[in-house]
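> Fold the following and give me the result.
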Amino acid sequence: MPYFVASITDRRVRRFAYPHARLETAMDFAWEVLKTGCSDVWVSDERGQKVADRQAVTDYADETGDD
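Below you'll find the model as predicted:
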């Protein structure tokens, strides 16, 4: 199942078109996006259903030791 990352910066939603084959790679990318200073980030599946919110992305980064 493909996963997609989206974020909000300056009150605008940005949906990244590149699909990630694994949730872990989408979470890694979402963490990198979050570090750019966006106000929100999330991961959704191919149906557009949110599977990870900002807190889940932050928790994932904490668990994996990603800075």
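> what residues are up against the residue most central in space within the chain?
Central residue of the chain (C-alpha atoms, centre = their mean): residue 30, 3.0 Å from the mean position. By C-beta atoms under 8 Å, 6 or more residues apart in numbering, the contact list for residue 30 reads 5, 7, 41-43, 52, 57. For every residue, glycine as well, the C-beta is placed using N, CA and C.
> Filter those down to just the ones in helices.
Of the contacts of residue 30, the ones assigned to helices by DSSP state H are residue 57.
> helices or strands next to the one helix or strand residue 60 maps to in the packing?
For residue 60, the host element (DSSP states H and E) is helix 54-64. If you count contacts as 3 or more C-beta pairs under 8 Å, 6 or more residues apart in numbering; DSSP states H and E, helix 54-64 packs onto helix 23-34, strand 40-45.
> In that helix, which residues are buried?
By 16 or more other C-beta atoms under 10 Å, the buried positions in helix 54-64 come out as 54, 56-57, 60-61.
> So what's the model's average confidence on that helix?
Helix 54-64 carries an average pLDDT of 95.
> same question, stretch 2-16
Averaging pLDDT along stretch 2-16 yields 95.
> okay, how far is it across it, tip to tip?
12 Å (C-alpha to C-alpha, to the nearest Å).
> Pull out the buried residues from it.
Within stretch 2-16, the residues scored as buried using 16+ other C-beta under 10 Å are 3-7.
> Pull the residues that contact that stretch.
The contact list for stretch 2-16 (C-beta under 8 Å, 6+ apart) reads 17-23, 25-26, 29-30, 33-34, 36-46, 51.
> Try it again at 10 Å.
If you take C-beta atoms under 10 Å, 6 or more residues apart in numbering as the criterion, stretch 2-16 is touched by 17-34, 36-46, 48, 50-52, 54, 57.
> Just the buried residues out of those residues, in ChimeraX syntax.
Buried subset of the contacts of stretch 2-16, written as a ChimeraX selection, criterion 16+ other C-beta under 10 Å:
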select :20,26,27,28,29,30,31,33,34,38,41,42,43,44,45,51,52,54,57
